[in-house]
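Undergrad: sequence? don't have it. structure:
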């Protein structure tokens, strides 16, 4: 603050009231205007630099490194070209450091590996967000699970053969598994995939002492020319499963062929499903089947469902050693379907709301509704002779004899 020049009026010598930042004040007695402080001196002119007269002088290179995160903006700083170059370098350093932390420190802390993509031998571990690719590997006989999988892992096995005392793949959730042209035997479960797994099997054989494929919920399984043989259930799918079979796929279980659980759907083209107890076992509600092109389902009971069962058959057969299809009620859409069962080709707890689809089925065995025998209504066709559709002709009774009056 500039020094005070005067604190009394130069005209009448009366004391002046001066504020801390006043430059001029007026005398209260005589009204004279008095300059009490001088203004602050202006700043010195900028030094002359190699960039020209009046240009700010900066060092040729910064003596500090500024590392900014994504939340900062270069508009918050005044950079020369040299500092801009240092700023660009700092972004590269920041990106590299953050990448190393994300790819190694976090996954490594969780599962001991942070590899995003690799070709490797078996057995192995796939870390969080990791990827494992194995091609042309004969693992022989191993004791451990072939792939221990973390969250969001992607696994591809091609032309892999061998035997493991554990599982082929175990882990999850959110796994993506592709196995092609492989032949693997598992001493436990074949694929133990948890929730939200997408599994694609092409021309692959899996043999398992436990369930062939075991999932908890939201399994999406595609089996293209694959074979799954299990001493348990070939596919134990859990809830909300979607299964597609094609090209002579074969699922065989010592208990059930497929256990779809609640709200499961199965679509099969030219495939075979067999179980010692049940071929396809639905949950308490929501079983949807679409079987086409020579698909055959076998078991003591070929198909067992409960409520909300929808079945579409196109050239498919449900062949039960005892019962072809057993459910509380069924919504049929059949073009060419056959149900076989010596005890009951079809056994329903209650009559269907519509018999249109039911009447188009070929039943090799009794139809039972609520445990009582029933029979589909005959269908009149265009070739039926018209005479056979008329009611029988009624004849008049003979007239009583009459007597003449004499």
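TA: All right, it came through fine. Quantities reported herein were computed from a predicted structural model and do not represent experimental measurements.
Undergrad: under the pLDDT cut-off, which ranges of the stretch 101-250 of the chain? List them.
TA: Scanning the stretch 101-250 of the chain with the threshold set as pLDDT under 70 gives 101-120.
Undergrad: run through the helices of it in chain order.
TA: 106-111 (DSSP state H, counting those that start in this stretch).
Undergrad: report the buried residues of stretch 8-27.
TA: Buried residues in stretch 8-27, counted by 16 or more other Cβ atoms under 10 Å: 9, 16, 18, 25, 27. Heads up, the C-betas are built off the backbone N, CA and C, glycines and all.
Undergrad: do stretch 262-278 as well
TA: For stretch 262-278, the neighbour count (16+ other Cβ under 10 Å) marks 262-275, 278 as buried.
Undergrad: next one: it to chain centre, how far?
TA: 21 Å (Cα atoms, centre = their mean, to the nearest Å).
Undergrad: likewise for stretch 213-232?
TA: The answer for stretch 213-232 is 16 Å, by Cα atoms, centre = their mean.
Undergrad: buried set for it?
TA: Residues of stretch 213-232 classed as buried: 213-230, 232 (neighbour count, 16+ other Cβ under 10 Å).
Undergrad: got the end-to-end distance for it?
TA: Using Cα to Cα, to the nearest Å, the end-to-end distance of stretch 213-232 comes to 10 Å.
Undergrad: I figured residue 367 was touching residue 346, is that so?
TA: Yes - judged on Cβ atoms under 8 Å, residue 367 makes contact with residue 346 at a distance of 5.1 Å.
Undergrad: higher neighbour count, these two?
TA: residue 346 (28 against 20; other Cβ atoms under 10 Å).
Undergrad: report the contact partners of the more buried one.
TA: 324-325, 330, 339, 358, 361, 363, 365, 367-368 (Cβ atoms under 8 Å, 6 or more residues apart in numbering).
Undergrad: confirm it sits in a helix?
TA: No - counting by DSSP: H, G, I helix; E, B strand; the rest coil, residue 346 is not part of a helix but strand.
Undergrad: hmm, back to that, closest one to residue 241 out of the buried residues of stretch 262-278, please.
TA: Using Cβ to Cβ, the shortest approach to residue 241 within those belongs to residue 264, at 4.3 Å.
Undergrad: so what's the residue count around the nearest residue to the closest one once chain neighbours are set aside?
TA: Leaving out its chain neighbours, the residue that sits closest to residue 264 by Cβ to Cβ, 6 or more residues apart in numbering is residue 241, at 4.3 Å. Residues lying near residue 241 (other Cβ under 10 Å) number 27.
Undergrad: give the contact list for residue 241.
TA: Neighbouring residues of residue 241 by Cβ under 8 Å, 6+ apart: 215, 217-221, 260-261, 264-265.
Undergrad: repeat that for 6 Å
TA: Counting by Cβ atoms under 6 Å, 6 or more residues apart in numbering, residue 241 makes contact with 219, 260, 264.
Undergrad: tell me which element the second one falls in.
TA: Counting by DSSP states H and E, the secondary-structure element that holds residue 260 is strand 256-261.
Undergrad: run through who's touching the following helix or strand past that strand.
TA: From strand 256-261 onward toward the C-terminus, using DSSP H and E, the following helix or strand is strand 264-269. Where contact means Cβ under 6 Å, 6+ apart, the residues beyond strand 264-269 that reach it are 237, 241-246, 288-293, 295.
Undergrad: paired strands for strand 264-269, with orientation please.
TA: strand 242-246 (parallel), strand 285-292 (parallel) (DSSP bridges).
Undergrad: hang on, the earlier thing: ok, and what's touching the strand holding residue 260?
TA: So strand 256-261 is contacted by 233-239, 241, 251, 273-275, 277-283 (Cβ under 6 Å, 6+ apart).
Undergrad: isn't residue 320 up against residue 304?
TA: No - taking contacts as Cβ atoms under 6 Å, residue 320 lies outside contact range of residue 304: 9.4 Å.
Undergrad: between these two, which one's more packed in?
TA: Using other Cβ under 10 Å as the criterion, residue 320 and residue 304 rank with residue 320 on top: 28 against 24.
Undergrad: which pLDDT value does the model give the more buried one?
TA: The model reports residue 320 with a pLDDT of 96.
Undergrad: any idea how far it lies from residue 358?
TA: Distance, residue 320 to residue 358, using Cβ to Cβ, to the nearest Å: 17 Å.
Undergrad: I'd like the next helix or strand past the lengthiest strand in the chain.
TA: Counting residues, the longest strand found in the chain (DSSP state E) is strand 307-327. Later in the chain than strand 307-327, the nearest helix or strand by DSSP H and E is strand 330-340.
Undergrad: give me the sheet partners of that following strand and which way each runs.
TA: Next to strand 330-340 in the sheet, as set by DSSP bridges, lie strand 307-327 (parallel), strand 362-364 (parallel).
Undergrad: okay, angle between the longest one and strand 344-348 too, please.
TA: With axes from the mean of the first three to the mean of the last three Cα atoms, to 10 degrees as the basis, strand 307-327 and strand 344-348 are set at 150 degrees to each other.
Undergrad: buried ones in strand 307-327, by neighbour count?
TA: Applying a neighbour-count criterion of 16+ other Cβ under 10 Å, one finds 308-314, 316-320, 323-327 buried in strand 307-327.
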